[in-house]
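Chemist: what follows is a protein structure lacking sequence information:
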Ligand code: NI
């Protein structure tokens with residue numbers, strides 16, 4: 001495709017998206033009103049598969065749970081690019097006062113996965129309309145269970161990256177801190193690795209008035225928590241960001257009994273791979289030392305859950321170039337810092353070059369400022385059109401490169 005033809009295709013994409021705006025808003029609101037928790041995305045998956053099939057896109061259902069894969073084959077032979085969206089919601093009560101608020105008590109699309117899903121459906125329909133000009137294939141991956149970081153792994157296990165094999169993958173995530181109409185991107189580290197720890201402290205119970213005859217698991221746990229928070233300030237390099245958080249603590253039976261058993265769970269987030277590998281030892285040293293000094297026993301487990309998303313330089317470059325062409329140079333923001341949050345999109349980028357970028361969804365003038373995972377989270381729906389056009393344009397350009 002020469003430059004002139006490319007221009008024509010970009011115009012066609014732009015026209016198609018303009019004509020589809022109402023439909024995209026309808027899709028998004030339908031998904032937003034009917035959110036499903038991680039691993040239960042049955043109706044969302046059926047909704048997606050139905051739309052893909054109605055648009056003559058080959059569909060595979062039930063890939064790694066409720067995952068749906070759409071394959072669009074262009075008229076000409078060529079490479080394959082994968083575009084990925086996650087589709088699960090969160091256990092949060094929707095508190096927005098709008099007619100498209102969640103109809104499911106206690107479940108809400110508070111991370112914008114309804115937007116990701118809609119954008120990918122929009123991109124599939126748009127690319128379907130220019131398939132005669134496509135050189136290669138586009139694989140649309142609708143992933144379940146992102147919030148519990150198991151969906152990407154199960155889809156990969158069930159062959160989502162085979163037949164046809166994509167040589168690059170792109171995804172986006174809503175970002176309310178960025179104004180609608182803008183996009184944030186970054187080569188290299190984009191999100192942190194997130195791992196889980198579990199600590200069990202076993203002491204000896206007894207009467208609260210005779211502490212010397214007991215080993216107080218509650219006190220030992222509090223000393224451990226305190227000391228664990230000093231790992232980041234005193235044991236790791238201040239130039240290597242990391243976070244250790246203890247999120248749950250359970251123990252004790254009554255106010256006048258010294259507890260003999262406490263369980264704690266927490267997460268560890270790191271950006272540096274070597275630091276990630278050191279963390280289990282750093283943490284267990286603290287747990288072991290304090291348990292030993294206080295006469296308690298402990299059990300410690302550390303599970304490596306989700307690695308960092310590392311954006312491939314070339315794919316990130318493609319994203320930023322395409323974004324410049326779709327929304328203009330001044331709307332494309334190079335992000336200075338990665339986020340300490342995690343994304344299981346990382347498992348895809350471990351296998352093939354990929355990039356995750358941030359789609360601006362905020363609009364302070366219209367009061368759309370709530371952060372992700374907040375009970376009043378919402379987006380400026382203009383972002384649906386920006387995302388759709390950009391995703392489609394990225395696919396066309398990758399296949400031409
Ligand atoms: Ni999310």
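Modeler: That came through fine. Quick caveat, the model's predicted, so the values are computed rather than measured.
Chemist: low-scoring stretches of the protein, by residue?
Modeler: Of all residues in the chain, none has pLDDT under 70.
Chemist: check contacts around the residue nearest the centre of it.
Modeler: For the chain, the residue sitting closest to the mean C-alpha position, by CA atoms, centre = their mean, is residue 343 at 3.5 Å. Counting by CB atoms under 8 Å, 6 or more residues apart in numbering, residue 343 touches 146, 173, 190-191, 306, 309, 356. From N, CA and C alone the C-beta is placed, and that goes for glycine too.
Chemist: swap in residue 165?
Modeler: residue 80.
Chemist: what's the answer for residue 327, then?
Modeler: With CB under 8 Å, 6+ apart, residue 327 has these contacts: 181-183, 386, 390.
Chemist: for my notes, confirm the residue nearest to the centre of the chain occurs in a helix.
Modeler: No - counting by DSSP: H, G, I helix; E, B strand; the rest coil, residue 343 is not part of a helix but coil.
Chemist: could you pull out the helices for the stretch 251-400 of the chain?
Modeler: Using DSSP state H, counting those that start in this stretch, the helices of the stretch 251-400 of the chain run over residues 273-294, 313-327, 346-351, 382-400.
Chemist: between the last one and helix 313-327, how many degrees?
Modeler: Same thing as helix 382-400. With axes from the mean of the first three to the mean of the last three CA atoms, to 10 degrees as the basis, helix 382-400 and helix 313-327 are set at 130 degrees to each other.
Chemist: between the contacts of residue 343, which is nearest residue 137?
Modeler: Using CB to CB, residue 356 comes nearest to residue 137 of the contacts of residue 343, at 21.2 Å.
Chemist: okay, now that closest one: neighbour count?
Modeler: 26 (other CB atoms under 10 Å).
Chemist: what's across from it in the sheet?
Modeler: residue 171 (DSSP bridges).
Chemist: relative to residue 167, how far out is the closest residue to residue 140 other than its chain neighbours?
Modeler: Once flanking residues are discounted, residue 140 sits nearest to residue 70: 3.8 Å by CB to CB, 6 or more residues apart in numbering. The gap separating residue 70 from residue 167 is 18 Å, by CB to CB, to the nearest Å.
Chemist: which one's more surrounded, these two?
Modeler: Higher neighbour count among residue 70 and residue 167: residue 70, with 26 against 14, using other CB under 10 Å.
Chemist: before we move on, what SS does that one have?
Modeler: Per three-state DSSP, residue 70 ends up strand.
Chemist: list the contacts of it.
Modeler: Taking CB under 8 Å, 6+ apart as the test, what residue 70 contacts is 52, 57-59, 124, 139-140, 142.
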